[in-house]
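Student: Okay, sequence plus prediction incoming.
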Amino acid sequence: MNKLNISQIISDGRLSQEYEVNAWVKAFRNDRFLALNDGSCLANLQCVINPDDYNSEFLKKVSIGCSVNVKGTLVESQGKGQTVEIEVESISVLGHANSDDVRKTILSPKKHSLEKLREQAHLRVRTNTFGAVMRLRSKLSFAVHEYFQKNNFQYVTTPIITNSDAEGAGEAFTVTNLDLKAIPKTTAGEVDFKKDFFGKQANLTVSGQLEAETYALGLGKVYTFGPTFRAENSNTTRHLSEFWMIEPEVAFCDLEGNMDLAQDFITYVINYALKNCREDLQFLEDRLIKEESALPKQQRSELSLIEKLEFVVNNQFKRVSYTEAIDILKNSKPNKKKKFEFPIHEWGADLQSEHERFLVEKHFKCPVILYDYPANIKAFYMRLNEDQKTVRAMDVLFPGIGEIVGGSQREERLDVLVEKMDKLSISKEELWWYIDTRKFGTCEHSGFGLGFERLVQFVTGMNNIRDVIPYPRTPKNLDF
RNA sequence: UCCUCAGUAGCUCAGUUGGUUAGAGCAUCUGACUGUUAAUCAGAGGGUCACUGGUUCGAGUCCAGUCUGAGGAGCCA
């Protein structure tokens, strides 16, 4: 008897062979047809019993949501929905599911809104949609490691508890051991972090970049892939308080190399999904088409999900400097007709979502890499250009989700870096180790951060980021 | 944090100018049927109308506040 998972049985199972399956009941029709799913793939395995062989007491216990053990023979299916099925020789219920209780959960066999599924995040993984999304998430994270390992990057785990929040990446969560009912204060009335666990203020990391840079200047090519925390009060479909970020960092690499890497990397992982997750992608595509069929034609997507992914892997990302982008936006129809909420008047303005969306979705109609931004709207560590007013920064913008990558060539010149830190009042004392790397064999180097959930969003077509992570953490939401 | 919208059965929603006993579909239960694919057919049960207060003879409906959710904006990945 072979104990395989359902995905293996459906793809590699041999007719007339006996198999044993542990799975959950998705449907039980006519007291005869069991649709079983074990999470290994989207498809259910149909198992057929002869109801005459069982008393009605037992059949009642085989209900939706319960877990079962089934032994039987694989045969060709007489029905239309599947090619093979299991002719059941024995079945036992491992874990019961009271149908009156099931009725109150999202396991009940009917359509549920994504909002309702979110409220029962512990059960939503058993739905087709979340099974597909989570299998894709798993495959994508494998592809991330595979890409970097194949290209001679070293995986670096940067600290999750840190001392620095100086990168301007956003508000950090404080980690403390202090008695919150009796917080020690200094004579100046401030919290006395000297009494805290680490003897200084500790935060959850908002980015592993600075640490990754130091490792790149020793290991050459490195990447991080780990949890990241932002205490921003962001309530959008593309922000989480806890998310996973991928941050490659490469020594002896300029901004062009960085843009090449970003595109090559993204193309690789999307290709991986296209090759290895076809069934789940097809399901998600069908789901989107159904969802959009309610909308007027103009609002529907021009490309289906799979077409969209194929378009991205088969076309170059459009590379446009900030200065070129401003020209395009200045002369654009919506700007002239005053359709932008924030009209573009002059060089130096920060781009708003509406501008990024115009460039990506209307003007170029493909992923866009914007680079060479004004220095004063970007972070201190980005390399200053010869023009003295722009920095070697780049953002990769994707349709629907906006910024998926933010990166730059780093300022490797000690004097320029220190001057910039002084100007922005960034503590040189705290970041002495970062400055040190510019003293000992400094070299040009570059890197970027990619929000993993935004990538999963793009590939799965899910439009809320809370639906591509098992247990989303957002302001006022820490359930599960 | 700001703007907009929403909260009525397990779920999705309807509920008229404020007026009798708050409705439908799905789900659940009972029965029938038995090669079904969200099975089908017949019947039944199921409600703190988000919460608190107010206006009124009378509030699901009007007003105020609170909470929660969604969409958009800002911040960003």
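Tutor: The structure has been received and is ready for your questions. Numbering: from 1, shown residues only, chains lettered A, B, ... in the order given.
Student: who in the stretch 201-350 of chain A is up against RNA strand B?
Tutor: A:207, A:230, A:232-241, A:243, A:245, A:342, A:350 (Cβ under 7 Å from any atom of the strand). For every residue, glycine as well, the C-beta is placed using N, CA and C.
Student: Mind checking which of those residues are in helices?
Tutor: Members of these lying in helices (criterion: DSSP state H): none.
Student: Filter these down to the buried ones, ChimeraX style.
Tutor: Selecting only the buried entries of those in ChimeraX, with 16 or more other Cβ atoms under 10 Å as the criterion:
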select /A:207,230,232,238,239,240,241,243,245
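Student: Mind picking the two most distant members of the residues of the stretch 201-350 of chain A next to RNA strand B?
Tutor: A:Met245 and A:Phe342 (28.0 Å; Cβ to Cβ).
Student: Go ahead and list the helix or strand containing A:Val21.
Tutor: Secondary structure from DSSP states H and E places A:Val21 in strand A:18-29.
Student: what about A:Thr158, neighbour count?
Tutor: 20 (other Cβ atoms under 10 Å).
Student: still on that earlier bit, which of the residues of the stretch 201-350 of chain A next to RNA strand B fall in strands?
Tutor: A:243, A:245 (DSSP state E).
Student: could you pull out the strands for the stretch 301-450 of chain A?
Tutor: A:318-321, A:368-374, A:390-398, A:402-409, A:445-451 (DSSP state E, counting those that start in this stretch).
Student: next one: the stretch 1-150 of chain A
Tutor: So, for the stretch 1-150 of chain A - with DSSP E, counting those that start in this stretch - the strands run A:2-3, A:18-29, A:33-37, A:45-48, A:67-76, A:84-95.
Student: Out of those strands, which gets nearest to A:Asn258?
Tutor: strand A:33-37 (42.7 Å).
Student: what's the closest one packed up against?
Tutor: strand A:18-29, strand A:45-48, strand A:67-76 (3 or more Cβ pairs under 8 Å, 6 or more residues apart in numbering; DSSP states H and E).
Student: May I have the residues that are in contact with A:Glu346?
Tutor: A:Ile326 (Cβ atoms under 8 Å, 6 or more residues apart in numbering).
Student: In the stretch 51-200 of chain A, what residue comes closest to RNA strand B?
Tutor: A:Gly79 (1.9 Å; Cβ to the nearest atom of the strand).
Student: check contacts around that residue.
Tutor: A:33, A:46, A:85.
Student: Which among the residues you listed count as buried?
Tutor: The buried subset of these (16+ other Cβ under 10 Å) comprises A:46, A:85.
Student: and which of the contacts of A:Gly79 is nearest to A:Asp395?
Tutor: Out of the contacts of A:Gly79, the member with the shortest distance to A:Asp395 (by Cβ to Cβ) is A:Gln46, at 48.4 Å.
Student: Apart from its neighbours in sequence, what residue is nearest that closest one?
Tutor: A:Glu85 (4.1 Å; Cβ to Cβ, 6 or more residues apart in numbering).
Student: and what of A:Val269?
Tutor: Closest to A:Val269 by Cβ to Cβ, 6+ apart is A:Ala143, at 4.2 Å.
Student: Wait, that neighbour touches A:Phe265, no?
Tutor: No - applying Cβ atoms under 8 Å, one finds A:Ala143 not in contact with A:Phe265, separated by 9.5 Å.
Student: got the contact list for stretch A:186-200?
Tutor: A:161, A:163, A:175-178, A:183-185, A:201-202.
Student: cutoff 10 Å now
Tutor: A:161, A:163, A:174-179, A:183-185, A:201-202, A:430 (Cβ atoms under 10 Å, 6 or more residues apart in numbering).
Student: Same list (those) but as JSON lines, adding pLDDT.
Tutor: Below are those laid out as JSON lines (pLDDT from 0 to 100):
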{"residue": "A:Ile161", "pLDDT": "94"}
{"residue": "A:Asn163", "pLDDT": "85"}
{"residue": "A:Thr174", "pLDDT": "90"}
{"residue": "A:Val175", "pLDDT": "92"}
{"residue": "A:Thr176", "pLDDT": "92"}
{"residue": "A:Asn177", "pLDDT": "91"}
{"residue": "A:Leu178", "pLDDT": "92"}
{"residue": "A:Asp179", "pLDDT": "90"}
{"residue": "A:Ile183", "pLDDT": "90"}
{"residue": "A:Pro184", "pLDDT": "92"}
{"residue": "A:Lys185", "pLDDT": "91"}
{"residue": "A:Gln201", "pLDDT": "89"}
{"residue": "A:Ala202", "pLDDT": "92"}
{"residue": "A:Glu430", "pLDDT": "88"}
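Student: who wins for neighbours among the residues you listed?
Tutor: Most surrounded of these: other Cβ under 10 Å gives A:Ala202, at 19 neighbours.
Student: Run through the bridge partners of the closest residue to A:Tyr322 other than its chain neighbours.
Tutor: Spatially, and ignoring its direct neighbours in sequence, A:Tyr322 is nearest to A:Tyr373 (4.7 Å; Cβ to Cβ, 6+ apart). A:Tyr373 has these beta-bridge partners by DSSP bridges: A:Val391.
Student: hang on, A:Tyr373 packs against A:Val320?
Tutor: No - using Cβ atoms under 10 Å, A:Tyr373 makes no contact with A:Val320, being 11.5 Å away.
Student: between the two, who's got more neighbours?
Tutor: When A:Tyr373 and A:Val320 are compared on other Cβ under 10 Å, the one with more neighbours turns out to be A:Tyr373, at 24 against 20.
Student: List the residues that contact that one.
Tutor: A:321-323, A:325, A:348, A:350-351, A:382, A:385, A:390-395, A:408.
Student: Can you select the buried ones from the residues you listed in PyMOL?
Tutor: Selection of the buried residues among the contacts of A:Tyr373 in PyMOL, burial being defined by 16+ other Cβ under 10 Å:
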select buried, chain A and resi 322+325+351+382+385+390+391+392+393+394+395+408
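Student: residue ranges with poor pLDDT in the stretch 151-300 of chain A?
Tutor: A:165-170, A:296 (pLDDT under 70).
Student: just the strands in it please.
Tutor: A:154-155, A:161-162, A:174-175, A:202-204, A:221-229, A:242-251.
Student: Counting by contacts, list what the third one packs against.
Tutor: Looking back up the chat, that one is strand A:174-175. strand A:202-204 (3 or more Cβ pairs under 10 Å, 6 or more residues apart in numbering; DSSP states H and E).
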